[in-house]
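Peer 1: Sequence plus predicted model, see below.
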Amino acid sequence: MCKILVVDLDGTLLKSDMLYESFWSAFGRNWRSPFHSAAALLGGRASLKRYLAEEAEIDVTSLPYDPKVVEYVEKWRADGGKTALVTASDEGIAQSIGAHLGIFDEVYGSDGSLNLKGENKAEFLDERFGPGGYAYMGDSHADLAVWRRANLAVSVNAGPGLAKQAEAVAPKVEHLHTHEVTAKSYLKALRPHQWMKNLLVFLPMLAAHQLTGQVFWLSLLAFISFSLIASSVYVLNDLLDLAADRAHPRKRARPFASGSIPISSGTWMAAGLLISGSVIAAMVGLEFFLVMVAYYALTTGYSLYLKRQLVIDICVLAGLYTTRIVAGGAATGLELSVWLLAFSMFLFLSLAAVKRQAELVDYAARGKLSATGRGYHVDDLPIISMIAVSAGYVAVLVMALYVSSPVVVQLYSYPQALWGVCAVLLFWITRTVMITHRGNMHDDPVIYAAKDPVSLLCFAIILLFVVAGSML
């Protein structure tokens, strides 16, 4: 056995890539960092990595390390061998990772001028350990230059093509398969369960009782466009929230945070989904397209800055829900009722506050004083709960005033039935806040409601009251 096992970092020891990790971390902290990154790249990739390493805030304790690779390295040391972490990532990050894991005798990385990758890495290893004096564990085509000079090549999750190339250039090869990237992981990253929120684009059609084929078709296209663009935002938000998600007991399982799909894929996914959704939006009409531009700008601003601002964040969340209704009106050309907009704004403000309430209750249960990546402290919980209750009750009040208004008789033959809607909403809002207070709420109240039998029963009863008001 060779005395020295040299291990690559990105895609090998780590189910991620530190270049992308540091880019998105820096971008999340400062929206100007992409422009500064472009300037740093003029000095070469090593210069870019040094800039990003200095600007990013990387928690090496929560990175998605590959447990099977770690186990392999530990066994190598237990058998009497030495180990070295040698990576093209910046040396500062590499040293932090090495110190955290404690399984490497030596650690080297790019120094700001030399990019330790490919031939550069091969020459460095030959000089440090001697030609053929080391085993090398890697995962990419760039590692072929090193495997050619190593005594033993250990591939990690290599595809059939790369595996054959490694076998052709190295005297001895081992293949280590630790995990597979599946289509299910990519689908999960799109958060299709969140698309139910986009059903709000059908609300203007239903509220106006305009159930024609053309109106339905335009609403359907709006739903598809909104879902694609919203998924683009979810991917972007996950990339910007990597550190916060990894610190969360449930969100750490998200595809990018857990390393089940490469972060590099997220960059192209976000762009592809945005372009696809925008093309469909343009087909629907200019007014709808402009609403989607405003939605994307607002959500991007939320991901980069607004989500960390006290109170503003829940107001923006409420506005994003209401934007779906506005988008439905823009797509179909239906005029939106002031009653509908007022009701939705207060109801969604209540749900946004419940979302924050659930987070704070969770943090309190785990003994934390503040919410990671948010502008709230656990001590704010009573106020957030008050906002959730009061905004929900105001939404019911708006509904009650609408039922009492002259305009309701134009759409409903028996509007008195809508008083039942008010009663059910009062119960549902109060119960939702109570469940959240007890720590039993999902991270998103809308997703919780879609799975909660009592909530589904409430919505069914509401639908019956609305149908009764229309048909009697």
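Peer 2: Nice, thanks for sending it over.

Peer 1: show me where the stretch 1-150 of the chain has strands.
Peer 2: Residue ranges of the strands in the stretch 1-150 of the chain, as given by DSSP state E, counting those that start in this stretch, are 4-7, 82-90, 106-110, 135-138.

Peer 1: same question but for the stretch 301-450 of the chain, I mixed them up
Peer 2: Going by DSSP E, counting those that start in this stretch, the stretch 301-450 of the chain shows no strands.

Peer 1: quick one on the thing from earlier: which of the strands of the stretch 1-150 of the chain has the highest mean neighbour count?
Peer 2: Between the strands of the stretch 1-150 of the chain, the one whose residues have the most neighbours on average, counting mean count of other C-beta atoms under 10 Å, is strand 135-138 (a mean of 27). Using the backbone N, CA and C atoms, a C-beta is placed for each residue, glycine as well.

Peer 1: Keeping just the C-alphas, turn that strand into CSV.
Peer 2: Presented in CSV, the C-alpha positions along strand 135-138 are these (Å, rounded to 0.1, in the frame of the first residue of the first chain):
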residue,chain,number,x,y,z
ALA,A,135,-2.6,7.3,-4.1
TYR,A,136,-5.1,9.9,-5.3
MET,A,137,-8.8,10.0,-4.7
GLY,A,138,-10.8,12.2,-7.1
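
Peer 1: List the strands paired with it, with their directions.
Peer 2: Taking DSSP bridges as the criterion, strand 135-138 forms sheet pairs with strand 4-7 (parallel), strand 152-156 (parallel).

Peer 1: Quick one: distance of it to the chain centre.
Peer 2: Between the centre of strand 135-138 and the centre of its chain there are 32 Å (C-alpha atoms, centre = their mean, to the nearest Å).

Peer 1: can you list contacts of that strand?
Peer 2: Contacting residues not belonging to strand 135-138 are listed as 1-2, 4-8, 12-13, 69, 72, 125, 143, 146-147, 150-156, 176 [C-beta atoms under 8 Å, 6 or more residues apart in numbering].

Peer 1: what about that strand, average pLDDT?
Peer 2: In this model, strand 135-138 has a mean pLDDT of 93.

Peer 1: Only whichever of the contacts of strand 135-138 are buried, select them in PyMOL.
Peer 2: If you want just the buried ones from the contacts of strand 135-138 in PyMOL, going by 16 or more other C-beta atoms under 10 Å, the selection is:
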select buried, resi 2+4+5+6+7+8+12+13+69+72+125+143+146+147+150+151+152+153+154+155+156+176
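
Peer 1: Span of stretch 203-218 from start to end?
Peer 2: One end of stretch 203-218 to the other measures 13 Å (C-alpha to C-alpha, to the nearest Å).

Peer 1: element containing residue 227?
Peer 2: Using DSSP states H and E, the element containing residue 227 is helix 213-240.

Peer 1: how about residue 152, what does it touch?
Peer 2: Residue 152 makes contact with 2, 135, 136, 170, 171, 172, 173, 174, according to C-beta under 8 Å, 6+ apart.

Peer 1: Need the max-distance pair from those.
Peer 2: Using C-beta to C-beta, the pair of the contacts of residue 152 lying farthest apart is 2 and 173, separated by 13.3 Å.

Peer 1: What are the boundaries of the strands in the stretch 151-300 of the chain?
Peer 2: Taking DSSP E, counting those that start in this stretch as the criterion, the stretch 151-300 of the chain carries its strands at 152-156, 173-176.

Peer 1: Any idea how far the longest one is from the middle of the chain?
Peer 2: A distance of 32 Å separates the centroid of the chain from that of strand 152-156, by C-alpha atoms, centre = their mean.

Peer 1: follow-up on the earlier one: now the strands of the stretch 1-150 of the chain in CSV, please, with extra columns for distance to residue 331.
Peer 2: Listed next are those as CSV, based on distance: least, C-beta to C-beta, whole Å:
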stretch, distance to residue 331
strand 4-7, 53
strand 82-90, 46
strand 106-110, 50
strand 135-138, 50
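
Peer 1: out of the ones you listed, nearest to residue 437?
Peer 2: Closest approach to residue 437 among the strands of the stretch 1-150 of the chain (C-beta to C-beta): strand 82-90, 44.3 Å.

Peer 1: Please name every helix or strand in contact with that closest one.
Peer 2: In terms of contact count using 3 or more C-beta pairs under 8 Å, 6 or more residues apart in numbering; DSSP states H and E, strand 82-90 is assigned the packing partners strand 4-7, helix 18-29, helix 45-55, helix 67-78, helix 91-101, strand 106-110, helix 119-129.

Peer 1: Tell me which of these sits nearest to residue 452.
Peer 2: Ranking the helices and strands packed on strand 82-90 by proximity to residue 452 (C-beta to C-beta) places helix 18-29 first, at 32.6 Å.

Peer 1: And that closest one, what's buried?
Peer 2: 18, 19, 20, 21, 22, 23, 24, 25, 26, 27, 28.

Peer 1: Grab the nearest non-local neighbour of the second one.
Peer 2: Right, residue 19. Across the structure, with C-beta to C-beta, 6 or more residues apart in numbering as the measure, the residue nearest residue 19 apart from its sequence neighbours is residue 49 (6.3 Å).

Peer 1: quick one, what contacts that neighbour?
Peer 2: With contact set as C-beta under 8 Å, 6+ apart, residue 49 has these partners: 18, 19, 22, 88, 89, 90, 110, 112, 115.

Peer 1: Which phi and psi values does the residue lying closest to residue 15 once chain neighbours are set aside adopt?
Peer 2: The shortest distance from residue 15 to any residue other than its chain neighbours is 2.9 Å, reached at residue 259 (C-beta to C-beta, 6+ apart). With angles defined as degrees, to the nearest 10, residue 259 sits at phi 80, psi 10.

Peer 1: Count the residues that sit near residue 259.
Peer 2: By other C-beta atoms under 10 Å, 21 other residues sit near residue 259.

Peer 1: Residue 360 too?
Peer 2: Neighbour number of residue 360 under other C-beta under 10 Å is 23.

Peer 1: Quick check: chain neighbours aside, which residue is closest to it?
Peer 2: Closest residue to residue 360 in three dimensions, ignoring its sequence neighbours and counting by C-beta to C-beta, 6+ apart: residue 381, at 4.7 Å.
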